[in-house]
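J.: Predicted coordinates and the sequence they were generated for:
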Amino acid sequence: MSTATDTSVLAARFQEVFGAAPDGVWQAPGRVNLIGEHTDYNEGFVLPFAIDKTAKVALRVRDDSTVRMLSTFGGHGLVEAELNGLEPGSGQGWSRYPLGVAWALKDRDVNVPGFDLLLDSDVPLGAGLSSSHAIECAVISALNELTGAGLAAEELVLATQRAENVFVGAPTGIMDQSASLRGAKGQAVFLDCRDQHVELVPFDAEASGLVLLVIDTKVSHSHADGGYASRRASCELGAEILGVKALRDVGVERLEEASGLLDETTLRRVRHVVTENDRVLQTVEILGTQGPASIGALLDASHVSMRDDFEISCPELDLAVDTSRSAGAIGARMTGGGFGGSAIALTPVGQEQQVRDAVVRSFAEAGFTAPDIFTVTPAAGARRLA
Ligand code: ADP
Ligand code: MG
């Protein structure tokens with residue numbers, strides 16, 4: 001189905017449900033992180049891209065302060081909420097994401113009216129592809145335009161972060177929404193998490209005869225909270241002992257000195273962040289000079305660092321990575337926060353089926369749940385469709 005058909009079908013469905021045409025239809029993508037994991041809250045570098053899987057929202061503003069929301073995703077009924085008196089922690093399930101951005105905009109003195117909203121997303125949930133930010137970015141793009149607030153992308157990024165951190169209560173950084181809001185077709189988003197500086201870096205795997213496979217292990221990363229908090233704490237401790245504002249300020253040349261100052265575990269956590277930042281910079285450089293076919297070793301090194309130093313992988317992710325590599329991928333790593341979610345495998349087109357088959361087989365042999373395997377390409381960031 002073409003996007004145009006999707007859009008008019010969604011608008012027609014909106015009309016059926018809410019009895020009037022939407023004011024417009026907006027779309028925002030999920031994202032995959034090519035490299036740069038757990039560097040965001042260390043004020044470092046990340047290199048995600050917006051993917052060709054998106055959340056679409058048809059939205060119509062109301063003349064009261066009621067919000068009515070429906071998702072085409074199975075099992076969710078119509079949700080109704082009241083914008084006045086919204087407080088962090090209110091709302092349930094997916095409705096917290098649209099309500100969260102409405103709250104965050106109101107908190108910035110944007111006059112947000114009630115609205116009717118129909119959501120249709122094909123970003124897989126909980127796979128580490130940021131289905132939640134896809135929703136938030138689509139909704140905030142719509143509200144930013146319909147309220148006339150006209151906030152710049154950098155401000156939308158921060159408002160979305162407040163929605164997740166304060167309203168929903170998820171301790172996330174700025175990578176996901178930056179990729180979703182600022183991504184572009186054929187480009188990766190090289191983001192400096194200290195100052196939100198963005199450079200778009202061409203990532204055209206297809207032209208190099210490659211595909212980027214995503215292997216969703218189906219292992220839920222929802223129990224990762226404790227692990228995430230403890231990793232953050234280790235990073236803060238390391239920065240404090242090394243006398244810097246954030247680990248971003250530590251270069252690889254200081255690692256030897258650090259080994260004399262930090263306890264064994266903190267050293268390994270710090271070493272991951274410091275080397276990962278360096279790998280992001282190297283990846284950007286290599287993409288510019290040699291192209292995607294030359295970044296395989298950096299992806300591999302990133303995975304080893306997350307597995308051994310940061311300890312955020314899991315048996316399913318390691319199996320996905322190791323199997324992809326032995327079946328022909330030129331580089332592979334877990335992506336996202338860890339403890340589950342997805343791995344990525346940069347694979348020559350001719351090897352794709354072999355990698356898919358080998359991973360499916362190895363999961364069956366290990367007694368793991370069958371993974372979902374699909375390709376992603378760098379796609380446009382959030383935009384209005386109709
Ligand atoms: P991730 O963002 O990594 O996919 P999260 O746990 O942050 O994982 O967000 C997943 C949540 O987003 C789901 O539990 C659900 O509440 C919501 N969600 C995502 N897509 C949809 C959808 N199409 N319909 C309804 N809710 C959705
Ligand atoms: Mg999320």
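T.: Received the coordinates, thanks. Ligands and ions are numbered 1, 2, ... in the order given.
J.: and the stretch 1-150 of the chain, which residues reach ligand 1?
T.: Taking CB under 6 Å from any ligand atom as the test, the list of the stretch 1-150 of the chain residues beside ligand 1 reads 71, 73, 76, 93-94, 119, 121, 125-132, 135. In this view, the C-beta of every residue, glycine as well, is placed from N, C-alpha and C.
J.: ok, now with 5 Å
T.: 71, 73, 93, 94, 121, 125, 126, 130, 131, 132 (CB under 5 Å from any ligand atom).
J.: Redo these as CSV? Include pLDDT, secondary structure and neighbour count.
T.: Output for these, formatted as CSV (pLDDT from 0 to 100; DSSP: H, G, I helix; E, B strand; the rest coil; neighbours: other CB atoms under 10 Å):
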residue, pLDDT, secondary structure, neighbour count
71, 96, strand, 22
73, 90, coil, 14
93, 92, helix, 11
94, 94, helix, 19
121, 96, strand, 24
125, 89, coil, 12
126, 81, coil, 16
130, 94, coil, 28
131, 95, helix, 22
132, 95, helix, 26
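J.: Low-confidence ranges, this protein, go.
T.: Applying pLDDT under 70 to the chain flags the ranges 1-5, 221-225.
J.: Kindly recompute the last result at 80.
T.: Low-confidence segments of the chain, defined by pLDDT under 80, are located at 1-5, 74-75, 221-225.
J.: any idea how it splits into domains?
T.: Listed by automatic domain parsing, the domain ranges of the chain are 7-201, 204-375.
J.: and the ones you listed, which is most packed in?
T.: Burial of these is given as mean neighbour count (mean count of other CB atoms under 10 Å); domain 7-201 ranks first at a mean of 21.
J.: Could you check how far it is from the centre of its chain?
T.: Computed by CA atoms, centre = their mean, to the nearest Å, the chain-centroid distance of domain 7-201 equals 12 Å.
J.: need the helices for the stretch 151-300 of the chain, in chain order.
T.: In chain order, the stretch 151-300 of the chain shows helices spanning 153-162, 175-182, 225-242, 255-261, 264-289, 296-304, with DSSP state H, counting those that start in this stretch as the criterion.
J.: Ok, which of those comes nearest residue 217?
T.: In this view, the helices of the stretch 151-300 of the chain are compared for proximity to residue 217 by CB to CB, and helix 296-304 is the closest at 13.5 Å.
J.: thinking again about what came up before, any chance of the domains of the chain in a markdown table with distance to residue 383 as columns?
T.: What follows is the domains of the chain, written out as a markdown table (distance: least, CB to CB, whole Å):
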| stretch | distance to residue 383 |
| --- | --- |
| domain 7-201 | 6 |
| domain 204-375 | 20 |
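J.: quick one: terminal-to-terminal distance for stretch 343-353?
T.: 16 Å (CA to CA, to the nearest Å).
J.: just stretch 58-77 next, same as before
T.: Taking CA to CA, the first and last residues of stretch 58-77 lie 16 Å apart.
J.: swap in stretch 103-111?
T.: Between the start and the finish of stretch 103-111 there is a gap of 10 Å, counting by CA to CA.
J.: Name the residues that touch that stretch?
T.: Residues from elsewhere that reach stretch 103-111, judged by CB atoms under 8 Å, 6 or more residues apart in numbering: 83, 86-88, 112, 140, 143-144, 147, 149, 151, 155, 159-160, 162-163, 166-167.
J.: Likewise for stretch 281-295?
T.: With contact meaning CB under 8 Å, 6+ apart, stretch 281-295 is reached by 34-35, 45, 47, 188, 190, 199, 201-205, 207-210, 298, 330-331, 346.
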